[in-house]
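In: okay, here's the prediction I keep looking at, along with the sequence it came from:
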Amino acid sequence: RREAGRGGGAPLAGDGLRRLSFTPVGAESAVGAQLREFFGLGPHFPFAQLLSASRGALSRRLYLTSAGGAAAAATPGLRVVAAGVKVLECDSSLGVGCSYRLTQEGALLMLPFLSRRVLRVSPATLAAMLRAKTLSLPYGGASGETGVGA
C-alpha cells in the first residue's frame, strides 16, 4: 500500500505505520568520528543512545534517547514509531566541516557533551553583542576558549 494523498510516498505497514528501524550511530563509525571531531564529543558521550531512524541507510535526522529507550528500540519484534529528541540533522552546506548540524530542540540536551563549537559569555557580554549586533571576540588559543565574559 501507498500513503493516500501524497502522490505515492513510502509503502506503509499493514496498520498504517511506517516501518522504521532505530539503530545506534556507532562511536567508531565514520559519522561518529566526524561528530566527535567537529563537536568535541568525548568518550562519555552516549553513542549507544544516538539513534538513526531509517530503512537501511543512515537517516537525515539523529535522535538522542535514554538508555531504556535505546534498549526498547533495539528489541526484536517491537515496533517503535518514535524515539528520543531530534538533536542532529543532515546539513549539505559546503565548507561547514560536518555533515550534521545541531537542531534547536536538541541543543540543550547536547550542550553538556560539547567541548567545541560553544561560546560561553557572561550576560553582560551577551547584552552588548545584542545591542551592537557585532562584537570582536579575542581568541583564547588552542583550547578554543575566548576569555570573553570570564
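Out: Cool, the structure landed.

In: quick one: the strands in this protein?
Out: Per DSSP state E, the chain carries strands over the ranges 2-3, 8-11, 21-24, 50-54, 61-64, 85-90, 100-102.

In: would TSV of those strands with mean neighbour count, mean pLDDT and distance to Arg79 be doable?
Out: Where C-beta positions appear, they are placed from N, C-alpha and C, glycine not excepted. Listed next are the strands of the chain as TSV, based on neighbours: other Cβ atoms under 10 Å; pLDDT from 0 to 100; distance: least, Cβ to Cβ, whole Å:
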stretch	mean neighbour count	mean pLDDT	distance to Arg79
strand 2-3	12	42	17
strand 8-11	10	44	15
strand 21-24	18	88	10
strand 50-54	22	89	12
strand 61-64	22	95	16
strand 85-90	17	95	20
strand 100-102	18	95	26
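
In: ok, the residue nearest to Arg60 when sequence neighbours are not counted - contacts?
Out: The shortest distance from Arg60 to any non-neighbouring residue, by Cβ to Cβ, 6 or more residues apart in numbering, is to Cys90 (4.1 Å). Neighbouring residues of Cys90 by Cβ atoms under 8 Å, 6 or more residues apart in numbering: 60-61, 99-100.

In: follow-up on the earlier one: Throw the strands of the chain into a markdown table and include distance to Phe39, thanks.
Out: Shown next, in a markdown table, are the strands of the chain (distance: least, Cβ to Cβ, whole Å):
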| stretch | distance to Phe39 |
| --- | --- |
| strand 2-3 | 35 |
| strand 8-11 | 31 |
| strand 21-24 | 17 |
| strand 50-54 | 11 |
| strand 61-64 | 12 |
| strand 85-90 | 9 |
| strand 100-102 | 8 |
